[in-house]
Each structure stands twice: as C-alpha cells, then as structure tokens.
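Novice: Task: produce atomic coordinates for the following.
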Amino acid sequence: MIHTYLGKTIQFEIKYKNRTSIGISIDSYGKIEVQAPKRTPDERVIQALEDKWNLIQQKLKEMKDRMNGPQEKVYENDESFLYLGDTYPIKIIQDIHIMQDHVVFEGEKLYVYVKQLDDEKNKQALKRFYYQQCKVLVEKSISSYQSNFKTKPRSIRISDSKSTWGTCDSKRQLTFNWRLAMAPREVIDYVVVHEMCHMVHLNHDRSFWRLVGKIMPDYKEKENWLALTNWKMTV
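Specialist: Reported below is the predicted structural model:
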C-alpha cells in the first residue's frame, strides 16, 4: 500500500496477525511493515502510521544516510561530531599561547583550541581528544567489570583499526579502537566485556557467547547500535 501525508509518500506492507495492537517496523533496507490485529480497519492502520510519521521519516533518513556512507567532515564552527553517543557542534578557538592543540568538552560543545587555523590541525586535535578519552573510558570500564574475571589484562592499547572495535591476543593484551569514545558508555562497556571474555575463550564458540551473555544479557542491543551507527563514527 501507498500513503501520502505531510508532503511525503511511503510504501508499506500490512500483515494481519493474532495480536492486540498495531506495530510498525522498518528493516535495514527501508521496507516498512505494519503488523495489525486481524480485521483491523484500514483507517486505523493509516492513523497508526500518521501518529508515528515523524519517527518513520527520521528512520528512513537515517537509513538513506547510512547507505550513502559518511559525508566528508568540515572543520568549521557548528560542524557536529559524536561523543559518548550524542552529537555535539564544535567551536574552533585560535590561541597562539597554548602549549598544544587540544579539545575540551563542556557539556554542549566540543571546543577545539588550536595555535593556527588549519583544517588538518583541527582534525588532529579532535582525533587526539578521542584517543585520550577512549583510554580513560576503557580503563574505567575494565575496572568496573574486572570482578567477573579471574585474570587481568596484561596491557591496554588504543589503536586506529579500520576493521575491529577491539582485540585480545593470547597474552591478554587488549586493544581498542579510538572511535569507541563516540559510542554510549554502555556500548563501550560491551566491547570491553567482549574482549575481556576473550581472556577466557579466545574464539567465538558457544562458551564465549554464554559468558558474554551472563555478564551482559542485552549485549545484542549494543552490537546493533554499532552496526547501525559505525558509518558516522568518524572525524
């Protein structure tokens, strides 16, 4: 079926099931499915869609953006960057007296202090900020979850991996991607728990996933966040 509302047109499929309420889902390709109780009038289905119209449009836009991939960043005032799961604008401040270019987060903005105005300098200052924050956040998370493990990590390192969020080798050396500082704290916790579980089980067998699930029962929600958001975790 097709429906137009507030100047936007969507196509959706209705499935009638043994349920008491109307549910709306959107898959990773933008396909909209409405699950409704049997014999639900079309008017009620349309009303349910219109009640969720803004949310549906937001989800469709997010999916389109994700399919298009990350847009190239500009390092100017009000360009937005992720930090701890939320998006914040940056403000560039030139100060020739500072010892080193750096970034300060003050609740509403990421303040980028640089000696000279230069896109590459701004980028490197932001990247350094995420590296530093990731180390702090990861170490705090490891400390919080250490009681679940008999052994401790031998070392902790922050990397610029293009393919993994974290690794653990046979020597219990843990490595984490600096981009994790862009994720919510609970998602960082999941990656930390995942890698700490590799100190016990180096592969991804059933025993490994049982241990992950025992420590963090809702870990799949965190995996889903990374899968849906990783495309914009960039500087």
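Novice: how about low-confidence regions in this protein?
Specialist: In the prediction, the chain carries residues with pLDDT under 70 at positions 28, 67-70.
Novice: again, only this time at 80
Specialist: Within the chain, the stretches falling below the threshold (pLDDT under 80) are 28-29, 61-72.
Novice: Going along the chain, name the helices of it.
Specialist: Counting by DSSP state H, the chain forms helices over residues 42-51, 53-68, 119-145, 185-197, 206-215, 219-229, given from the N-terminal end onward.
Novice: hey, which of those is tucked in deepest?
Specialist: Ranked by mean neighbour count under mean count of other C-beta atoms under 10 Å, those are led by helix 185-197, which reaches a mean of 22. Where C-beta positions appear, they are placed from N, C-alpha and C, glycine not excepted.
Novice: Now do that one against helix 119-145, angle only.
Specialist: Here the directions of helix 185-197 and helix 119-145 differ by 70 degrees (axes from the mean of the first three to the mean of the last three C-alpha atoms, to 10 degrees).
Novice: nearest to Pro89, of the helices of the chain?
Specialist: Pro89 lies closest, by C-beta to C-beta, to one member of the helices of the chain: helix 119-145, at 12.4 Å.
Novice: how far out from the middle of the chain is the closest one?
Specialist: Taking the mean C-alpha point of helix 119-145 and that of its whole chain, the gap between them comes to 15 Å (C-alpha atoms, centre = their mean, to the nearest Å).
Novice: That one to helix 206-215, inter-axis angle?
Specialist: Using the same axes, to 10 degrees, one finds that helix 119-145 and helix 206-215 are set 90 degrees apart in direction.
Novice: helices or strands up against helix 119-145?
Specialist: Here helix 119-145 is seen to pack against strand 80-83, strand 86-94, strand 102-105, strand 110-114, strand 155-159, strand 173-177, helix 185-197 when contacts are counted using 3 or more C-beta pairs under 8 Å, 6 or more residues apart in numbering; DSSP states H and E.
Novice: Report all helices and strands that the last one contacts.
Specialist: Spelled out, that is helix 185-197. helix 119-145, strand 166-168, strand 173-177, helix 206-215, helix 219-229.
Novice: I'd like these as JSON lines, with distance to Asp101 appended.
Specialist: Converted to JSON lines, the helices and strands packed on helix 185-197 look like this (distance: least, C-beta to C-beta, whole Å):
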{"stretch": "helix 119-145", "distance to Asp101": "4"}
{"stretch": "strand 166-168", "distance to Asp101": "27"}
{"stretch": "strand 173-177", "distance to Asp101": "22"}
{"stretch": "helix 206-215", "distance to Asp101": "39"}
{"stretch": "helix 219-229", "distance to Asp101": "27"}
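Novice: Nearest to Leu6, out of these?
Specialist: Leu6 sits nearest to helix 219-229 of all the helices and strands packed on helix 185-197, at 25.1 Å, using C-beta to C-beta.
Novice: Which residues does stretch 87-101 contact?
Specialist: Stretch 87-101 is contacted from outside by 75-82, 105, 108-117, 121-122, 124-126, 128, using C-beta atoms under 8 Å, 6 or more residues apart in numbering.
Novice: Tally up the residues packed near the residue nearest to Ser170 when sequence neighbours are not counted, please.
Specialist: Leaving aside its sequence neighbours, Ser170 sits nearest to Leu202 (C-beta to C-beta, 6 or more residues apart in numbering; 6.4 Å). For Leu202, the number of neighbouring residues by other C-beta atoms under 10 Å comes to 13.
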